[in-house]
Structures are given as C-alpha cells and as structure tokens.
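**Student:** Okay, structure incoming, though there's no sequence with it:
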DNA sequence: TGAAATGTTGGGGCG
DNA sequence: ACGCCCCAACATTTC
C-alpha cells in the first residue's frame, strides 16, 4: 500500500506542522522520518550543544508520535540518497516537509523535489518556520530590505500570519514499519559529555516544554517584558529560543498567542524579536556566506588581532569584567546567554579585544542550545558593526556601566561568578576597586584597560573608513 | 539596542 | 546689591 513520507527537519513538533497535516490529509499511511546528514555540502553541521539538544528533542518527538500510534524513523547519511531510498522502500507516493531557508538547504531540497517529480512522486515543501517568506517581503523595487525597521514595517503591513494548525490526534501507521536507526547509536548526547549534566539541569527539550514555556511567559513575564527584558537576573525573557531553533514551537504559534494576549508595548517589543528572526532568515536566504563574509566590504580590511590567550580568557569567562565573564560562564554551563549580555560579550570580543567576530560566532555556534545559521551570524555582524543595519562601530559598550545599569544588585554576576559573591555592590562590576583587593588567583584583573581599548578600537575603525 | 566629550544654563556662594 | 565664578544638571555633539 502506498504511503506518504513526512520529513522532519528543524520542525520537531506536531502542532502547527503543515507537512504533517499534508501527510495526514493524503489519506495514506504516514511515515515520519528524520535524517541525520552531517556532511551535506553548503549546510552548516550542528555543533556539540545543538547535537545534545537534538538527541533529546528527537526522543521527545518519537514519544509524542508513539502516543498517536506512529513513530519516528531515523536514518543517517546524505539526505538526497537516504530520502530517495526510503521512498522506494515504503512505496511512497508523496513526501512533505516544511521549508528551511539556508541557501544550501534550499538547493538540496530543490534537487530532491526534482528527483521525485521525475519519478512521479509528489514532493512539496510547506511554509511553517517563518511568519513571512523572504521573497514576499521586498522593497518597492523588488529588492530585499537591508534595514530592520523598514523590513518589519513591511511585514506588519502584510496580512497577519495564518492561524496555527492543530496537532493531529492520530496518525495512520503503515502495515510494516521501515527499518530505523537506534537514536542512542547516533551518540548525539555524548557530543559534549562534560556539560551534559548542567545542560540537562537547565533545559528539557521537546514540544511539551516549549508550549509550557510559552504559556508561563504569557502568564508572567510578558507584561513586564518591555521594561525588564534587558535585565539578565530574573526571568524577564521567554527562553523560547532553543525550542524555536529546533522548531519545537513555530513562530505562528507564538505570534497568535502574543497577539491574542492583547496589544501592548510589551507584546510589540516581543514580536519585534520574532521580527529580527525573520530579518536574519531573510538576509541568509539572500546571501549564502553570511557566517564568513562581512556584509560591509570595508571590514575586509579591518585590522583584527589574533590573540589566542585573550580569546581563551573570553571563552572561559576570565576577562576580569564581571558582566562579560558571567555571561560567558552562563553560556558554558547552560548553552544559553541572556540576549543583552550576548551583545556586551560580543562587543567586548570585537571591540575591546579586536578579535575577529567570526571567532566569537564559531564559539557561540558550538556552545549555544539555540545556535541558528541565520540568527547567529547576523547578530554577530550586527554587533561587530560590519552587518546590514548594524550597530555603528563606535557604539562601544562600557562593561562596567552596562553591568551597573542592567544588573544593579549584582545578582547575575554573583550567581555565575561565585568567587565574587562577597564583593559589595559598589564594587561588584569593578572588582579591581574592592578593598581588600582580590587575589588574581581568585578572579583575574581586567585583561584590557577600558579607556585604552576604546581608543584603540576607534583608531582601528578610522583606519578602514571611507570605502 | 552607547559612551564620552563638549556646550549650555542657572542657582548659589562669596567677595 | 551686584558681578563673578563654580559646578551640577542637562543637552548636544562626536566618536
């Protein structure tokens, strides 16, 4: 009996899943599949933290499918070949997936679609993972927007995103299930063994948690999101980013839930964050090598400095600037960093240390649970000043002032840097002024002088200005 | 989604 | 009483 394949990729959910609904609507048995393809050309391989998350998310998806009388088939290898083989094995007459927007992924998906078209098999990519397709949002002259404000205005002027689809209640199973790999044999959760415990303590991957987190956010933090979102202590942000990155929840579900909550300044701010995600995906869609190439070409001449010791101090959270180090340690421990602290830490790397943003981007790619091929490079280029609609290069965060402004009680710093727990508030963001002084073996002295580093960064910027 | 330098203003101390 | 100066507070400019 012919079947329909539903190919799960970065959409590990049952709700608002158009590909799954299309498979169900075909009236044929549905074969859900996930393909682990780690050598695809033009598609960035997941880092260790993403692999850890993926392991747990696939397990959760399989459990959810089993509750519907189905299951998740796991296959490994080049997706073109593996999907083609599976379709033959299962006598598939249709295959559905939800679109992804990385140029390499799109090229592969188009190849696969053409191959199925030749065989007379329906192959269809559906819209699920963005609110607006990148090709729908263009300037008057038909070009993609380069400025976020204009881009988001154009999005908001479009018809509202359609309502999310409900999760299916039952999925028709085939008479005989095709072979599946054993998830544990992929060893994805072993990718970052030393951090597995702390990652597991911080997160529960899976669709159920994603939905619960959204509900909690709407009940609590959304109302004060506008005023508190930049404060890294406390729980003023949604922490939906990894769930969204793996598609355990879709942007339409978030859009619907937040707008249903009622219009407010806070919900507009929050929706604008979804807007940045849309913007980043649009930029990546239109420009494949975003993680490598400066959007502003004058930055190709920028005098980045190679300093392994300073880069290592930054990675390990030992720069001597508490707000930076707290963030980097939060990243190390939980695979996540508060958004505002990401900006401060990224600004410090690129401006105070003059280290190439690509080094920071790679570290985040490996360390983040929410690492995303669009958001990560776009945001790094934004901070470094070389991106589309970037923060001006001369906007250099003062880590002491930012710490004092956004973590005035020092709670965030004390939580992540326990050796500073006893420093009084007035010195918590400048511990070198503490009396009695701290031993450098307890907490390092600042690895750069802020004022001098700022002048050096401005001079470097002047050297590339003007074309 | 900055910070620092520079400019302006006005109250008050004081000769 | 008056003018001068200081400087905090705020605004503007510059990087």
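**Tutor:** Received, thanks. Not measured: the values here are computed from a predicted model.

**Student:** interface residues of the stretch 301-450 of chain A facing DNA strand B?
**Tutor:** Neighbours of DNA strand B within the stretch 301-450 of chain A, by C-beta under 7 Å from any atom of the strand: A:340, A:343, A:382, A:391-392, A:394-398, A:401-402, A:405, A:450. (Glycine included, C-beta is placed from N, CA and C.)

**Student:** If you tally nearby residues, what's the number for the closest residue in space to residue A:421 that isn't next to it in sequence?
**Tutor:** Counting by C-beta to C-beta, 6 or more residues apart in numbering, residue A:414 is the residue found nearest to residue A:421 once chain neighbours are left out, at 5.0 Å. Neighbourhood size, residue A:414 [other C-beta atoms under 10 Å]: 20.

**Student:** Spell out which residues sit in contact with residue A:414, please.
**Tutor:** Applying C-beta atoms under 8 Å, 6 or more residues apart in numbering to residue A:414 gives the contacts A:420-421, A:423, A:428.

**Student:** in the longest helix anywhere in chain A, what's buried?
**Tutor:** Counting residues, the longest helix in chain A under DSSP state H turns out to be helix A:265-286. For helix A:265-286, burial by neighbour count (16 or more other C-beta atoms under 10 Å) applies to A:266-267, A:270-286.

**Student:** same thing with stretch A:393-407?
**Tutor:** A:393, A:396-400, A:402-404, A:406-407.

**Student:** just checking, which of these belong to helices?
**Tutor:** Judged by DSSP H, the buried residues of stretch A:393-407 include A:399-400, A:402-404, A:406 as members of helices.

**Student:** Would you reformat the residues you listed as JSON lines and include distance to residue A:462 and pLDDT?
**Tutor:** Putting those into JSON lines (distance: C-beta to C-beta, whole Å; pLDDT from 0 to 100) gives the following:
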{"residue": "A:399", "distance to residue A:462": "22", "pLDDT": "97"}
{"residue": "A:400", "distance to residue A:462": "24", "pLDDT": "96"}
{"residue": "A:402", "distance to residue A:462": "24", "pLDDT": "97"}
{"residue": "A:403", "distance to residue A:462": "28", "pLDDT": "97"}
{"residue": "A:404", "distance to residue A:462": "29", "pLDDT": "95"}
{"residue": "A:406", "distance to residue A:462": "29", "pLDDT": "96"}
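
**Student:** with these in mind, which one is nearest to residue A:4?
**Tutor:** Comparing these against residue A:4 with C-beta to C-beta places residue A:406 closest, at 50.2 Å.

**Student:** How about the contacts made by the closest one?
**Tutor:** By C-beta under 8 Å, 6+ apart, the neighbours of residue A:406 are A:230-232, A:323, A:340.

**Student:** Which pair in the contacts of residue A:414 has the greatest spatial separation?
**Tutor:** Top of the distance list for those (C-beta to C-beta): A:421 and A:428, 9.6 Å.

**Student:** which SS class is the residue lying closest to residue A:8 once chain neighbours are set aside?
**Tutor:** Of all residues not flanking residue A:8 in the chain, residue A:34 sits nearest, at 4.8 Å (C-beta to C-beta, 6+ apart). Assigned with DSSP: H, G, I helix; E, B strand; the rest coil, residue A:34 falls in the strand class.
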